[in-house]
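1. Quick one: sequence plus predicted model below, questions after.
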Amino acid sequence: MVSCRICRNSKGVLLPSGFGNGARDDVPRVVSRAARILAAVHDRIVACEQCPRLRAYCKSIARDKRKAYREETYWARPVPGFGDPRARLLLVGLAPAAHGANRTGRAFTGDGAGGSGDFLMSALHRAGFANRPTSERSDDGLKLKDAYITMAVRCAPPDNKPTPEEIRSCFVHLEAEIRTLDRVQWLWHWEKSASIPTCGG
């Protein structure tokens with residue numbers, strides 16, 4: 001299981017932690033090969049500046065903020081996936097919410113009561129994939145077992161509508177995660193309307 005909270009990696013870059021280990025409850029905390037590769041993938045995601053429109057929008061949201069989050073520091077960077085590096089279930093959303101993952105730094109996190117994050121986590125909790133039924137903050141203690149959550153686009157888009165070009169540009173990150181998660185057996189898309197390419201396609 002992997003716990004996700006904000007920390008700094010060896011380069012001083014803020015990252016949701018827990019990506020560098022594939023620890024399970026019943027084995028020693030040994031960093032797996034998949035987890036090491038994912039850590040490098042996540043470094044590249046967070047450093048990505050490929051889509052100027054999306055980067056500018058994320059920064060503007062972090063500057064202006066929503067009234068309820070005035071005292072918080074927004075993540076405002078591309079958002080990597082999170083979960084168990086040995087996951088068999090892969091869940092793919094479309095993009096971070098402007099005041100959700102763009103604020104918290106973790107996918108499907110901070111959308112508020114009744115939001116998509118809590119809806120998804122409640123279902124995963126009932127099925128035994130998550131240790132808690134809500135996803136509020138990056139340091140809320142949420143752990144996933146045998147599941148991994150990621151997105152097709154890593155930066156919050158205006159009106160939650162990335163362009164086809166932005167989806168294609170960002171696909172390199174999704175493909176890198178999918179190729180590393182070599183135990184995945186089930187793939188689930190959150191947004192039916194998302195035009196997500198297929199690996200190798």
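-> Happy to help now that I have it. It should be emphasised that the depicted structure is a prediction, and the values quoted were computed from it without experimental measurement.
2. what's the distance between Arg63 and Asn102?
-> Distance from Arg63 to Asn102, counting by C-beta to C-beta, to the nearest Å: 12 Å. The way it works is simple: take the backbone N, C-alpha and C, and place the C-beta from them, glycine included.
3. Surely Glu72 touches Ala62?
-> No - under the criterion of C-beta atoms under 8 Å, Glu72 makes no contact with Ala62, lying 9.5 Å away.
4. Looking at those two, which is more packed in?
-> Neighbour count, other C-beta atoms under 10 Å: between Glu72 and Ala62, Ala62 has more, with 20 against 15.
5. Quick check: buried residues in stretch 145-160?
-> Neighbour counts over stretch 145-160 (16 or more other C-beta atoms under 10 Å) mark 145-157 as buried.
6. Pull up the distance across it, start to finish.
-> In stretch 145-160, first residue to last residue: 29 Å (C-alpha to C-alpha, to the nearest Å).
7. Not counting sequence-adjacent ones, nearest residue to the residue positioned nearest the centre of the chain?
-> Centroid-nearest residue in the chain: Gly81, 3.1 Å away (criterion: C-alpha atoms, centre = their mean). Excluding its sequence neighbours, the residue lying closest to Gly81 (C-beta to C-beta, 6 or more residues apart in numbering) is Thr150, at 2.9 Å.
8. Secondary structure class of that neighbour, three-state.
-> Counting by DSSP: H, G, I helix; E, B strand; the rest coil, the backbone at Thr150 sits in strand.
9. For it, give me its contacts.
-> 80-82, 90-93, 107, 174, 177 (C-beta atoms under 8 Å, 6 or more residues apart in numbering).
10. ok, and the most crowded of those?
-> Ala107 (29 neighbours).
11. Which helix or strand contains Ala76?
-> Following DSSP states H and E, there is no helix or strand that holds Ala76.
12. Provide a list of residues in contact with the nearest residue to it once chain neighbours are set aside.
-> Excluding the flanking residues, the one nearest Ala76 by C-beta to C-beta, 6+ apart is Ala62, at 3.6 Å. Ala62 makes contacts with 74-76, 102-103, as judged by C-beta under 8 Å, 6+ apart.
13. Any buried residues in the host helix or strand of Ala62, and which?
-> Under the criterion of DSSP H and E, Ala62 resides in helix 52-64. Neighbour-count burial for helix 52-64, with 16+ other C-beta under 10 Å as criterion, is recorded at 54-55, 57-58, 61-62.
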